[in-house]
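*Asks:* Give me a model of this one.
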Amino acid sequence: MFTRTRTVMVLVAGLIAGPLAAGAAAQERKDKGAEKVAVEVWTIRATRSNTDISPELKKLAETLKSQFKFTGYKLVSSKTTSVAIGQSSSSPLISPFRASITPQKRSDGKVELKVQVFEKKGDKDIKKLDTTLTLARDKHQLMGGWSLDGGDNLIIAISAK
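*Replies:* Coordinates of the predicted model:
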């Protein structure tokens, strides 16, 4: 009797644990194979104190000048991160600013991103931008105009693929 009860219990446990383990394994495979987006964030310092333009920004120079009305544009940093759809990536900009980028979806050669920019003031993060944009593959979206020291401004250029 004891052996029979024990056998039934082992079979019932197997019936319950089998699908749970299979579900966990499937979720792990899904997470590992989650669709990712390469997000590039350029941090640009715009100034009126010179006319220098970083070589990497030459293709964007006319757009920068017409949109932001500065004379000089320096590429301070460039960061490319592979981010899963629905996950956020944080990118430091020029202190005290940082960006959070969350790919929402990708379709037809376009990527939808949620973009947030925060400014650190004391122990608080002040949200300066909270928007969703759709980008064509490898095209840059310029955003910014946040004040920096010396009358300069922070501009970010975001692209995704």
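*Asks:* all strands of this structure, in order?
*Replies:* For the chain, applying DSSP state E gives strands covering 36-47, 72-84, 89-92, 97-107, 110-121, 124-136, 141-147, 153-160.
*Asks:* among the ones you listed, which is the most enclosed?
*Replies:* When you average the neighbours per residue for each of the strands of the chain (mean count of other CB atoms under 10 Å), strand 153-160 leads with a mean of 22. Where you see a C-beta, it was placed from the backbone N, CA and C, and this is true even at glycine.
*Asks:* helices or strands next to that strand in the packing?
*Replies:* strand 36-47, helix 61-68, strand 97-107, strand 110-121, strand 124-136, strand 141-147 (3 or more CB pairs under 8 Å, 6 or more residues apart in numbering; DSSP states H and E).
*Asks:* cutoff 10 Å now
*Replies:* The criterion is 3 or more CB pairs under 10 Å, 6 or more residues apart in numbering; DSSP states H and E, and the helices and strands that strand 153-160 contacts are strand 36-47, helix 61-68, strand 72-84, strand 97-107, strand 110-121, strand 124-136, strand 141-147.
*Asks:* Could you say which one of the ones you listed comes nearest to Ile155?
*Replies:* Closest of these to Ile155 is strand 141-147, at 3.4 Å (criterion: CB to CB).
*Asks:* which strands and helices sit next to the closest one?
*Replies:* strand 36-47, helix 61-68, strand 97-107, strand 110-121, strand 124-136, strand 153-160.
*Asks:* nearest to Pro55, of the ones you listed?
*Replies:* Per CB to CB, nearest to Pro55 of these: helix 61-68, 10.2 Å.
*Asks:* Need the residues that contact that closest one.
*Replies:* Residues outside helix 61-68 that contact it (CB atoms under 10 Å, 6 or more residues apart in numbering): 44, 46, 53-54, 57, 60, 70-73, 140, 142-145, 153, 155, 157.
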